[in-house]
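Enquirer: how would this look folded up:
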Amino acid sequence: MSQPLLVTLLPSTDVDLGRWLLSHYGVSYRERPHAPIFHVLALKSWGVGAEGYPLLVSADRGTKSAGIQAILDQLEPKAAPDKRLWPDKMVEPERWKEVDTLQHDARFGIGTAVVQWSYWNLLKYKSVVWPSLTTGVPWYETLTLRLAFPVIRSLMYKGLKLDQSVADSALETIHAGFDRLDARLSDGRRYLVGETLTFADLATAASLAPMVLAQGYHGMLPLEARCPVFMQEIYKPLRQRPTGRYIQRIYDTHRTAQLLQLR
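Expert: Numbering: from 1, shown residues only. Model (predicted):
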């Protein structure tokens, strides 16, 4: 029987969040990953804009859910009560707002900074970042990257408006975000909102995972030992902070082991 298809930009944090959502909701799927730049062409071939990833295409190819919110809108209402990741907005409006604020800050605040700092630094080291860009992608994408990596890197830097000052500012934003989350976790809570897992937990863990090289992340994070020393010196203390330990615990507890099923 045909399965839904997930069209992805392989290393993206929102993509790993999308994989996690499908696993959480019990949706079996196959993934079609693409390297940066090529993912835009792939999305266009499906009639979706450049920001429409991860793209979930139904098994009959009749329904397309482009992006995290669209995937949530499709799957959350159908979920069993014990699988729902959002409080009822009408019944618990304040708790709903809390989850929404935290997930938004994780994905579009701290998470944006994670992307900026990570891409600016890792793309300087082709051998380190190579598995994150090419694992499972079509052969012609790998070949193009192999031949034109400096050009692709330049396009990514330009597209993301990256330079050293942006990366430096991003790292400050990351540390400030960890400070806020450390303070929230200081009372010993297991989850960010209430006593159960919510979308805020998944969004935070996935969006910040690259800063602690979280085990269980399915986007092929680089091996720490291969990273330059200055990056290792950033990763290690963040991993030991309450937020770093929380991220790994959420992965360990709530991320089902899963092999990348390619199509």
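Enquirer: How many residues are close by T8?
Expert: 28 (other Cβ atoms under 10 Å). The way it works is simple: take the backbone N, C-alpha and C, and place the C-beta from them, glycine included.
Enquirer: Who are the contact partners of it?
Expert: 15, 18-19, 31-34, 39, 53-55 (Cβ atoms under 8 Å, 6 or more residues apart in numbering).
Enquirer: Who does it form a beta bridge with?
Expert: P33 (DSSP bridges).
Enquirer: Look up how far V137 lies from it.
Expert: Relative to V137, T8 is positioned 10 Å away (Cβ to Cβ, to the nearest Å).
Enquirer: go on, D60?
Expert: 25 Å.
Enquirer: circling back to that earlier point, so which of the contacts of T8 is the closest to V114?
Expert: Nearest to V114 out of those is V15 (Cβ to Cβ; 13.6 Å).
Enquirer: can you tell me the helix or strand for the closest one?
Expert: Element membership for V15 (DSSP states H and E) is helix 13-24.
Enquirer: In terms of secondary structure, what does that helix contact?
Expert: Packed against helix 13-24 by the contact rule (3 or more Cβ pairs under 8 Å, 6 or more residues apart in numbering; DSSP states H and E) you find strand 5-9, helix 68-75, helix 111-122, helix 199-208.
Enquirer: Generate JSON lines for the ones you listed, with distance to T144 and mean pLDDT as supplementary columns.
Expert: Below are the helices and strands packed on helix 13-24 laid out as JSON lines (distance: least, Cβ to Cβ, whole Å; pLDDT from 0 to 100):
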{"stretch": "strand 5-9", "distance to T144": "15", "mean pLDDT": "95"}
{"stretch": "helix 68-75", "distance to T144": "28", "mean pLDDT": "96"}
{"stretch": "helix 111-122", "distance to T144": "18", "mean pLDDT": "97"}
{"stretch": "helix 199-208", "distance to T144": "28", "mean pLDDT": "98"}
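Enquirer: Ok, which of those comes nearest L102?
Expert: helix 199-208 (3.9 Å).
Enquirer: which other helices and strands contact that closest one?
Expert: Packed next to helix 199-208, using 3+ Cβ pairs under 8 Å, 6+ apart, are helix 13-24, helix 93-104, helix 111-122, helix 164-185, helix 242-254.
Enquirer: now for those helices, which one comes closest to W86?
Expert: helix 93-104 (6.2 Å).
Enquirer: contacts for the closest one?
Expert: 86-89, 192-194, 198-200, 203-204.
Enquirer: State the pair within those that is farthest apart.
Expert: Longest span within those, Cβ to Cβ: D88 and T204, 21.2 Å.
Enquirer: and those two? which has more neighbours close in?
Expert: T204 (27 against 10).
Enquirer: That one reaches R249, doesn't it?
Expert: No: if you go by Cβ atoms under 8 Å, T204 and R249 don't touch, sitting 11.7 Å apart.
Enquirer: Other residues contacting stretch 172-181?
Expert: 105-106, 109-110, 112-114, 117, 192, 204, 208, 211, 238, 241-244, 246.
Enquirer: All good on my end, thank you.
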